[in-house]
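Peer 1: sequence plus the predicted model coming up.
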Amino acid sequence: EMNGIRVEANYSGKNMNEKIKQFKIMGDPYILVIGGKEVESRTVSLTIRGQKQQLHGLSLEQLVKMCRKMNEEHLLTLES
């Protein structure tokens, strides 16, 4: 856990779409994507289970703040 947020990472050699599909099947509530573009811009992309909404270009600070708020308030939508 980091900042009270439990995470799992997939470092396998599979492509990004296969990794995302695996996490969707596992039912993880949030899927955080850090690909080459995100590494270059030092940001992350975030999706939430059951939602088509996705946020790109989030700093880690923004992500932690959003996750804490969503967990504390039991929100089901992404809040910025």
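Peer 2: That came through, no problem.
Peer 1: helix, strand or coil for F23?
Peer 2: helix (DSSP: H, G, I helix; E, B strand; the rest coil).
Peer 1: burial measure for it, as a count.
Peer 2: When neighbours are counted by other Cβ atoms under 10 Å, F23 registers 18. No exception for glycine: its C-beta is placed from N, CA and C like everyone else's.
Peer 1: quick check: it vs Q53, distance?
Peer 2: Separation of F23 from Q53 (Cβ to Cβ, to the nearest Å) stands at 16 Å.
Peer 1: quick one: the strands in this protein, in order.
Peer 2: For the chain, the strands defined by DSSP state E cover 30-33, 44-48, 54-58.
Peer 1: with respect to H74, which of those lies nearest?
Peer 2: strand 44-48 (12.7 Å; Cβ to Cβ).
Peer 1: and that closest one, what does it pack against?
Peer 2: For strand 44-48, the packing partners by 3 or more Cβ pairs under 8 Å, 6 or more residues apart in numbering; DSSP states H and E come out as strand 30-33, strand 54-58, helix 60-73.
Peer 1: most packed of the ones you listed?
Peer 2: Of these, the one with the most neighbours on average (mean count of other Cβ atoms under 10 Å) is strand 30-33, at a mean of 17.
Peer 1: that older thread, turn the helices and strands packed on strand 44-48 into JSON lines, columns for mean pLDDT.
Peer 2: As requested, these are arranged in JSON lines below (pLDDT from 0 to 100):
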{"stretch": "strand 30-33", "mean pLDDT": "86"}
{"stretch": "strand 54-58", "mean pLDDT": "88"}
{"stretch": "helix 60-73", "mean pLDDT": "84"}
